[in-house]
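Student: Here's a sequence, model it:
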Amino acid sequence: MSVVSIGEVLVDRAVLDAKFSCPLELCKGECCVEGELGAPIDEAEAHYLESVVEPLRPVLPERALKYIRRHGCTEIYQGNLYTRTIDERECVFVIHENGIALCAVEAAWKRGELSATKPLSCRLFPIRVRKKFGLDYLVYEQHAMCREARRQGAEQQVRLIDYVAAPLIERYGREWYNSLKEFVDLSS
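Tutor: Numbers count the residues shown, from 1 in each chain. Okay, the predicted model is just below:
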């Protein structure tokens with residue numbers, strides 16, 4: 001594995017080479033229900049999520065509401081903040097529609113009921129932001145649940161960096177993103 005530096009951000013080569021396009025109807029939103037920890041979040045996102053529990057009460061499942069009442073909607077693990085999960089699986093903000101796990105926060109935001117959408121780490125997935133030498137380090141988490149997304153991305157020639165362009169731009173800015181694309185284009 002090699003790492004490249006784009007401005008003040010380190011990027012694992014796998015991020016640059018990956019093709020990805022999530023067919024939600026096939027994976028059924030598995031990323032929202034798979035794993036021991038919820039989504040990595042920052043303090044501002046934690047406060048926001050705590051503030052939206054009440055407006056989301058009508059759409060959240062009773063099981064999630066009970067869990068949130070008892071444990072809250074966020075947790076700290078090894079010094080980092082995460083959304084809570086029920087039984088170390090499903091995020092407390094998951095709702096199910098037509099057999100697909102969706103984010104209640106995102107759904108309410110799309111309906112214009114909330115001021116912001118789901119956490120940035122959810123929107124960047126399967127890219128994760130780690131730290132290396134004090135800098136953000138973007139890594140590509142390749143999960144079995146995303147096998148179809150990789151196949152479809154390769155078939156349609158959708159680069160991972162293009163698939164998650166909006167959250168990358170939100171986090172690092174358009175100029176940084178353009179530098180990233182230029183680097184990838186030149187090294188292809």
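
Student: Report all helices and strands that the helix or strand of the chain with the lowest mean pLDDT contacts.
Tutor: Lowest by mean pLDDT, DSSP states H and E among the helices and strands of the chain is helix 24-27, with a mean of 86. With contacts taken as 3 or more Cβ pairs under 8 Å, 6 or more residues apart in numbering; DSSP states H and E, helix 24-27 sits against helix 147-156. For glycine as for every other residue, the C-beta is placed from the backbone atoms N, C-alpha and C.

Student: Mind listing what's buried along the helix it packs on?
Tutor: For helix 147-156, a neighbour-count test (16 or more other Cβ atoms under 10 Å) marks 149, 150, 152, 153 as buried.

Student: How about residues contacting that helix?
Tutor: 18-23, 26-27, 126, 142, 158-160, 163 (Cβ atoms under 8 Å, 6 or more residues apart in numbering).

Student: re earlier: distance from the least confident helix or strand of the chain to the middle of the chain?
Tutor: Computed by Cα atoms, centre = their mean, to the nearest Å, the chain-centroid distance of helix 24-27 equals 16 Å.

Student: For that helix, output the C-alpha coordinates as CSV.
Tutor: In CSV, the C-alpha atoms belonging to helix 24-27 read as follows (Å, rounded to 0.1, in the frame of the first residue of the first chain):
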residue,chain,number,x,y,z
LEU,A,24,-29.0,0.3,-2.2
GLU,A,25,-31.7,-1.9,-3.5
LEU,A,26,-29.3,-4.8,-3.4
CYS,A,27,-27.2,-4.2,-0.3
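
Student: which residues sit against it?
Tutor: 100, 145, 146, 148, 149.

Student: now for the residues you listed, which pair is the farthest apart?
Tutor: Spatial extent of those (Cβ to Cβ) is set by the pair 100 and 146 at 15.1 Å.

Student: Neighbour count: those two, which is higher?
Tutor: residue 146 (21 against 15; other Cβ atoms under 10 Å).

Student: so can I have TSV of the contacts of helix 24-27 showing pLDDT?
Tutor: TSV is the format used below for those (pLDDT from 0 to 100):
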residue	pLDDT
100	93
145	90
146	92
148	94
149	95
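
Student: Identify, from those residues, the entry nearest to residue 33.
Tutor: Distances from residue 33 to the contacts of helix 24-27, taken as Cβ to Cβ, are shortest for residue 145 (9.3 Å).

Student: If you count neighbours, what's buried in stretch 67-82?
Tutor: Across stretch 67-82, burial judged by 16+ other Cβ under 10 Å covers 67, 68, 73, 74, 75, 81, 82.

Student: What is the helix or strand containing the second one packed up against?
Tutor: When secondary structure is defined by DSSP states H and E, residue 68 falls within helix 62-71. Packed against helix 62-71 by the contact rule (3+ Cβ pairs under 8 Å, 6+ apart) you find strand 85-86.

Student: For residue 96, state which of the buried residues of stretch 67-82 is nearest.
Tutor: If you rank those by distance to residue 96 using Cβ to Cβ, residue 67 comes first, at 15.5 Å.

Student: Kind regards, and thank you for your time.
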